[in-house]
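Student: fold the following and give me the result.
(chains A and B)
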Number of protein chains: 2
Amino acid sequence: MVKNMQPIVVLAGGVGAARFLQGVVAALPVRDLTIVGNVGDDTEIAGLHVSPDLDTVLYTLTGESDEERGWGVRGDSSRALERARSLGHDAWFWLGDLDIGLHLTRTEALNAGLPLSAVTTQLAGALGLEDRLVPVTDDRLRTIIETPDGDLDFQTYYVRRGHRDDIVGIRFDGAAAAAPAPGVVDAISRAAAIIVAPSNPLISIGPILAVPGIREALLARSVPCVAVSPIVGGQALRGPAAEMMRSLGLELSPAGVAGLYDGLIDAIVIDDVDHSLAVEVEQRGVAVRITNTIMRDAAARRHVATVALEVAGIRLSA
Amino acid sequence: MVKNMQPIVVLAGGVGAARFLQGVVAALPVRDLTIVGNVGDDTEIAGLHVSPDLDTVLYTLTGESDEERGWGVRGDSSRALERARSLGHDAWFWLGDLDIGLHLTRTEALNAGLPLSAVTTQLAGALGLEDRLVPVTDDRLRTIIETPDGDLDFQTYYVRRGHRDDIVGIRFDGAAAAAPAPGVVDAISRAAAIIVAPSNPLISIGPILAVPGIREALLARSVPCVAVSPIVGGQALRGPAAEMMRSLGLELSPAGVAGLYDGLIDAIVIDDVDHSLAVEVEQRGVAVRITNTIMRDAAARRHVATVALEVAGIRLSA
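Tutor: Predicted coordinates:
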């Protein structure tokens, strides 16, 4: 790989995607990498604009992240939040002091009229990210979880209520009127390969696909698009994907994931434990690559990324 | 003094008022004290609602304040702000981590629809304030400094640009449509005495008087209203009052202050150094009490408060 070649595009959610991307970066020391990030779980906490998935990718790839938790900044304090709690604030959403510094910067820039993609570029530059991280859209797009008790915004469903509610539907408010952020469609169109990270298909990749123009750009691709299954052995690698898919009556397997990406992917990387399910996936017209997809450490992350890139036709220098 | 007597009402700005109020509290161990606070210099920093004058009074009376600076919390850190600065935020307004915790709490409550007076009561209760602190209005009121180069909001004029601009006018955006916060007019009407703290008459007390109903309640008083002059020896005790008054062609003296409070005060406490100016003030129909008004330490603050209260007819047990 040399610079100024065609980009590799990765559609990414939060923690799972960030760990996979660590592997991509390790596997491709020289690269033109565009990460298209999810904004459906963005939220406002006391007026501060929080972009959890963008921040997780940013912190992870710049070595700032708290590896244990997967989110937040390693060694961050929470003086502001503890103070707020002591003053009566219902502090259900964790905000570290360094997080707040980033949210302040982002919110101030957004309030001044800068689009989220430009703010993200600024933050990524300040933190030393070498790759291009771009929110799928600069427009307001919010994942809404429909439950028997009514609609919940994603963070209320996930963090505040501990993703225990039954789900009757998921929708993406604002998606229909949203436009892809500058460069997103162009990156997909020029890509050498497209990878769908092992993220929640419903609420991490779903909002990305919901932005008009993204699905069309993927359908028009002339290069491979490869997904890594976030469902392993009937469970989600991380987060609420399993209970969400089950609650919605979706098949909790790589085949179920492939079904959600119908027409959008050419191949899927699935875990060894699911080898018996390969035939079912292939019957959907999606090629299967079986390997160990558990991303426990740096070597494992690099392994998964390497396999996905190879399946996508990217030659890796040994 | 016993509780449930008539309240003593103090109209208050920021640091000067807070120090004076420390004296009032020391002079009146048992009291019914209502502090009417200025909100003209409230601002939003990255979506966080900041009420500098209310916070200064709150921090000072609860022993939290940084005595050296006069504002902020003693020993506060600035991890969030330093982080923001490193990410490109133009951090011209200082925000400590503990400050941010308070601003988060206030902003969240305001965004949930709580009026500022109710939020202030909540914060004051959490910090253990024994007296009643109430913003003059729950409505949006902003002090705008008119300069030859255009309008500046107060914090931009004062903090960001270092109060170096010439002033051609001052106005209070939103004041005409603002209503006094619940209880403010009632407290003034029932008061045993009303004290105007040694605050900037133009931009600390001015916004309070600009709220329809406040001036009328003061004019209708049947008890003494006593001001403490913030101008001593032709200089402001603190802040930009002197350059503002000079810039607007106002007389920089206790007489100038008395003129700004025309009809609203019965007496003014002025400093020993201004004793020769007493006659001029008295010619305006305002009684004068001369004493040392410099509030260097706790004893001095108590002295100034004691004199003002005595002039206002409040008997103090020895």
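Student: mind listing the helices for chain A?
Tutor: Along chain A, the segments classed as helices by DSSP state H run A:15-27, A:52-61, A:79-86, A:97-111, A:116-127, A:154-155, A:184-190, A:206-209, A:214-219, A:241-247, A:254-260, A:278-282, A:298-311.
Student: worst average pLDDT in these?
Tutor: The minimum mean pLDDT among these belongs to helix A:241-247 (a mean of 89).
Student: returning to what we had before: can you redo the helices of chain A as TSV with distance to chain B and mean neighbour count?
Tutor: For the C-beta atoms, the positions are set from N, CA and C on the backbone; glycine is no exception. Compiled in TSV, the helices of chain A are given as follows (distance: least, CB to the nearest CB, whole Å; neighbours: other CB atoms under 10 Å in any protein chain shown):
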stretch	distance to chain B	mean neighbour count
helix A:15-27	19	24
helix A:52-61	11	25
helix A:79-86	3	21
helix A:97-111	3	25
helix A:116-127	5	20
helix A:154-155	14	22
helix A:184-190	23	19
helix A:206-209	23	25
helix A:214-219	28	17
helix A:241-247	28	20
helix A:254-260	35	23
helix A:278-282	43	17
helix A:298-311	26	20
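Student: give me the pLDDT for A:G239.
Tutor: The model reports A:G239 with a pLDDT of 82.
Student: state the distance from the closest residue to A:G13 other than its chain neighbours to chain B.
Tutor: Using CB to CB, 6 or more residues apart in numbering or on different chains and skipping residues adjacent in sequence, the residue nearest A:G13 is A:S204, 2.5 Å away. To chain B, A:S204 is 25 Å away according to CB to the nearest CB, to the nearest Å.
Student: go ahead and confirm A:S204 touches A:N38.
Tutor: Yes. Assessed by CB atoms under 8 Å, A:S204 is found in contact with A:N38 at 5.0 Å.
Student: what touches both of the two?
Tutor: With contacts taken as CB atoms under 8 Å, 6 or more residues apart in numbering or on different chains, A:S204 and A:N38 have A:12-14, A:53 as neighbours in common.
Student: rewinding a little: closest one to B:H103 among the helices of chain A?
Tutor: Proximity to B:H103 (CB to CB) singles out helix A:79-86 among those, at 8.6 Å.
Student: now do that closest one against helix B:116-127, angle only.
Tutor: On the basis of axes from the mean of the first three to the mean of the last three CA atoms, to 10 degrees, helix A:79-86 is oriented at 100 degrees to helix B:116-127.
Student: how many neighbours does A:D173 have?
Tutor: As a burial measure, A:D173 scores 17 neighbours (other CB atoms under 10 Å in any protein chain shown).
Student: please apply the same query to A:A227.
Tutor: The number of residues packed near A:A227 is 29, by other CB under 10 Å.
Student: enumerate every residue touching it.
Tutor: Going by CB under 8 Å, 6+ apart, A:A227 touches A:195-196, A:198, A:257-258, A:261, A:265, A:267-269.
Student: so what's the nearest residue to it once chain neighbours are set aside bridging to?
Tutor: Spatial nearest neighbour of A:A227, chain neighbours left out: A:V196 (3.9 Å); criterion: CB to CB, 6+ apart. Judged by DSSP bridges, the bridge partners of A:V196 are A:L11, A:A227.
Student: ok, now A:F172?
Tutor: A:T143.
Student: state the pLDDT value of it.
Tutor: So A:F172 comes in at 98 (pLDDT).
Student: so A:A220 touches A:R190, yeah?
Tutor: No. Using CB under 8 Å as the test, A:A220 is too far from A:R190 to be in contact (11.8 Å).
Student: identify the residues contacting A:V184.
Tutor: Contacts for A:V184 (CB under 8 Å, 6+ apart) come out as A:34, A:36, A:134, A:136-137, A:214.
Student: those: which two are farthest apart?
Tutor: A:T34 and A:T137 (14.6 Å).
Student: more neighbours: which of the two?
Tutor: Legend: neighbour count by other CB under 10 Å for A:T34 and A:T137, higher for A:T137 (29 against 22).
Student: contacts only, for the residue lying closest to the more buried one once chain neighbours are set aside.
Tutor: Distances taken as CB to CB, 6+ apart put A:A178 closest to A:T137, at 4.3 Å, once the chain neighbours are dropped. Shown in contact with A:A178 (CB under 8 Å, 6+ apart): A:137, A:139-141, A:210-212.
Student: are any of those residues buried, and if so which?
Tutor: For those, a burial check counting by 16 or more other CB atoms under 10 Å in any protein chain shown picks out A:137, A:139, A:141, A:210-211.
Student: and which of the residues you listed is nearest B:D149?
Tutor: Using CB to CB, these come closest to B:D149 at A:D139, 35.4 Å.
Student: now do the same contact list for A:D151.
Tutor: A:144-145.
Student: let me know the pLDDT of it.
Tutor: pLDDT, read off for A:D151, is 97.
Student: which residues sit against stretch A:267-274?
Tutor: Contacts to stretch A:267-274, defined as CB under 8 Å, 6+ apart, come from residues A:224, A:226-229, A:231-233, A:253-254, A:257-258, A:261, A:277-278, A:281, A:286-294, A:304, A:307-308, A:311-312.
Student: quick one: buried residues of that stretch?
Tutor: Neighbour-count burial for stretch A:267-274 flags A:267-271, A:274 (criterion: 16+ other CB under 10 Å).
Student: pLDDT for these - can I get that in TSV?
Tutor: Below are the buried residues of stretch A:267-274 laid out as TSV (pLDDT from 0 to 100):
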residue	pLDDT
A:A267	98
A:I268	98
A:V269	98
A:I270	98
A:D271	97
A:D274	97
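Student: now, those residues that are in strands?
Tutor: Members of those lying in strands (criterion: DSSP state E): A:267-271.
Student: list just the nearest of these to chain B.
Tutor: Distance to chain B across those (CB to the nearest CB) is lowest for A:V269, with 35.1 Å.
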